[in-house]
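Asker: After the sequence you'll find the predicted model.
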Amino acid sequence: MLKRPAPAQTALEMVTLDQLVPKDHLLRKIDGAIDFSFIHDLTAPLYCADNGRPPLDPTLMFKALFIGYLFGVRSERQLVREIEVNVAYRWFLRLKLTDKIFDASTLSQNRRRRYQDETIAQGIFDRIVEQAIRAGLVDGTVLYTDSTHLKANANKAKFDLAVVAKSRADYWDDLDAAIEEDRAAHGKKPLKTKERQPVEKETKVSRTDPDSGYMVRDGKPKGFFYLDHRTVDGRHAIITDSFTTPANVHDSIVYLGRLDRQVERFGFQVGAVGLDAGYATPGIARGLEQREVRGVTGYRNPTPPKPGMMRKSAFVFEPDADGYRCPQGQLLAYATTDRTGYRHYRSDPTICRDCPLLASCTTSANASRLITRHVWQDARERNDANRKTPWGKAIYRRRKETVERSFADAKQLHGHRYARFRSLTRVRVQCLLAAAAQNIKKIALCLSPKPKPALA
């Protein structure tokens with residue numbers, strides 16, 4: 001029998017906030033697994049101890065921000081509205097049903113006036129990683145690194161053209177020493193002293209967010225983006241490092257420095273690393289060997305020659321003769337080593353002019369073929385060989401289950417497709433807090449009791 005709805009209920013009910021939160025709620029698991037008390041001590045130097053108005057408790061503030069990252073709430077205003085009506089959020093923040101919620105401007109003003117750089121965000125991220133280490137979820141023996149792009153909060157149609165220097169590689173000093181050593185071994189004079197300068201290139205600079213970088217990559221969207229360079233541990237895919245750069249900074253530029261940072265900060269004894277093809281460079285291969293770390297790097301397709309021209313792979317390097325043997329048997333002898341770290345091996349034009357393969361070998365006016373080889377190419381080849389071993393294949397196979405899965409979850413569940421703020425510093429804070437939130441969730445799920453299977 002159809003009845004009319006009863007009047008609105010006005011009876012008082014005696015309940016506790018704890019009763020209203022489901023026992024298996026994610027925030028209950030996080031509350032039982034993560035100790036947030038360190039945030040107060042970490043942020044205390046930024047506050048006056050005996051003067052001024054009482055501030056919003058920093059622990060409460062960062063826990064509120066974590067709620068936003070955990071549940072994909074991108075807007076701080078929307079986050080405040082969600083906290084007002086969600087009893088689980090209030091319970092997690094230790095707020096009563098009758099407590100007034102802070103204003104969204106409190107979050108933005110703290111970010112602008114007090115937390116002006118990524119120091120605190122980095123400290124919070126590091127402390128969360130340390131909790132994962134103490135819980136036995138991270139061992140640091142196998143690390144996986146990759147980068148993903150975040151669309152900058154900028155209109156790609158509003159830009160100026162400017163000449164910008166590319167980023168400085170962190171192994172330049174070692175490369176300069178290797179070049180001089182190689183030239184001396186070949187009896188060449190030292191190069192004239194000249195400070196190495198980054199290559200300058202005309203590029204688009206956003207008027208809205210000048211810190212972002214204009215990205216042009218195969219298979220990627222064009223526009224202004226940031227890159228989140230992320231490293232995860234091989235055991236449970238806990239994120240151990242997050243570092244943000246403009247999107248026009250190559251993955252390999254910052255890699256070795258960030259690897260060293262993790263070793264120094266957490267005391268990792270790294271045995272192997274899994275990397276995609278973007279990290280397949282002689283500089284990284286040499287750096288890994290110096291650190292006694294075995295690298296497993298994806299295959300990188302060489303730059304194809306012009307149609308109808310012979311590939312470099314047709315020439316065989318002979319270490320004993322220090323030269324390349326061409327398909328017709330001529331040895332291309334060493335000529336010099338340039339400032340970029342490449343040895344030049346050049347053919348004899350008097351022999352090449354009568355060669356039947358000349359038309360498909362070179363278009364040089366003097367009928368000479370030039371082959372270059374990096375001074376650290378031997379390290380690169382040893383590094384590439386790791387990928388073909390059984391253990392190397394097993395490590396590389398885990399990339400999609402670790403760092404690639406970490407990025408997929410970040411984009412799908414935690415709002416990591418877009419930069420929420422403008423400027424490199426603020427986007428770095430966003431990436432660090434998003435990574436910390438993912439770690440918090442992963443730690444809680446790993447440490448929470450598993451449900452018992454139902455009896456048949």
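Answerer: Yes, it's here. Numbers count the residues shown, from 1 in each chain.

Asker: Pull out the buried residues from stretch 175-192.
Answerer: For stretch 175-192, burial by neighbour count (16 or more other CB atoms under 10 Å) applies to L175, D176, A178, I179, D182, R183. Heads up, the C-betas are built off the backbone N, CA and C, glycines and all.

Asker: er, stretch 335-355 I mean
Answerer: Of the residues in stretch 335-355, those buried (16+ other CB under 10 Å) are T337, G341, Y342, R343, Y345, R346, S347, I351, C352, C355.

Asker: and if you look at stretch 140-154?
Answerer: 140, 142-154.

Asker: got it, and stretch 105-112?
Answerer: Within stretch 105-112, the residues scored as buried using 16+ other CB under 10 Å are T106, L107, N110, R111.

Asker: do stretch 206-216 as well
Answerer: S206, D209, P210, D211, S212, G213, Y214, M215.

Asker: Also stretch 17-28?
Answerer: Taking 16+ other CB under 10 Å as the neighbour-count basis, stretch 17-28 is seen to contain the buried residues V21, L26, L27, R28.

Asker: surely the first one meets K29?
Answerer: No: the pair V21 and K29 fails to qualify as a contact (CB atoms under 8 Å) at a distance of 11.3 Å.

Asker: Farthest-apart pair in the buried residues of stretch 206-216, please.
Answerer: P210 and M215 (14.9 Å; CB to CB).

Asker: any low-confidence regions in this structure?
Answerer: 1, 6-11, 164-170, 195-200, 451-456 (pLDDT under 70).

Asker: Tell me which residue is most central in it.
Answerer: Of all residues in the chain, the one closest to the mean position by CA atoms, centre = their mean is H229, 1.0 Å from it.

Asker: give me the element that residue is part of.
Answerer: strand 223-233 (DSSP states H and E).

Asker: Quick one: list the elements packing against that strand.
Answerer: strand 142-151, strand 213-215, strand 239-246, helix 255-266, helix 403-413, helix 424-447 (3 or more CB pairs under 8 Å, 6 or more residues apart in numbering; DSSP states H and E).

Asker: Which stretch among the ones you listed is buried most, on average?
Answerer: strand 239-246 (a mean of 24; mean count of other CB atoms under 10 Å).

Asker: Packing partners of it?
Answerer: Strand 239-246 packs on helix 119-134, strand 223-233, helix 255-266, helix 424-447, going by 3+ CB pairs under 8 Å, 6+ apart.

Asker: As TSV, those with distance to L288 would be great.
Answerer: Formatted as TSV, the helices and strands packed on strand 239-246 follow (distance: least, CB to CB, whole Å):
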stretch	distance to L288
helix 119-134	22
strand 223-233	14
helix 255-266	8
helix 424-447	23
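
Asker: A strand includes I371, no?
Answerer: Yes: under DSSP: H, G, I helix; E, B strand; the rest coil, I371 sits within a strand.

Asker: ok, it - contacts?
Answerer: Residues near I371 by CB atoms under 8 Å, 6 or more residues apart in numbering: K312, F315, Y324, L332, H344, Y345, R346.

Asker: 6 Å instead, please
Answerer: Residues counted as contacts of I371 (CB atoms under 6 Å, 6 or more residues apart in numbering) are F315, Y324, L332, Y345.

Asker: Looking at the residues you listed, which is nearest A394?
Answerer: Among those, and counting by CB to CB, the member closest to A394 is F315, at 33.1 Å.

Asker: Is it correct that the closest one is in contact with Q328?
Answerer: No: F315 lies out of contact with Q328 (CB atoms under 6 Å); the separation is 10.5 Å.

Asker: higher neighbour count, these two?
Answerer: F315 (22 against 14; other CB atoms under 10 Å).

Asker: Quick check on the nearest residue to that one once chain neighbours are set aside: phi, psi?
Answerer: Distances taken as CB to CB, 6 or more residues apart in numbering put Y324 closest to F315, at 4.2 Å, once the chain neighbours are dropped. Main-chain torsions, Y324, degrees, to the nearest 10: phi -110, psi 140.

Asker: Just grab the bridge partners of Y324 for me.
Answerer: F317, L332 (DSSP bridges).

Asker: Please work out how many residues are found near it.
Answerer: There are 23 residues near Y324, going by other CB under 10 Å.

Asker: Now for it: which residues touch it?
Answerer: Per CB under 6 Å, 6+ apart, neighbours of Y324: F315, F317, L332, Y345, I371.

Asker: now, the most widely separated pair of the residues you listed?
Answerer: Of all the pairs that the contacts of Y324 form, the one spanning the most space (CB to CB) is F317 and L332, at 9.5 Å.

Asker: which one of these two has more residues nearby?
Answerer: Neighbours were counted for F317 and for L332 using other CB under 10 Å; L332 has more, 23 against 17.

Asker: Many thanks, we can stop here.
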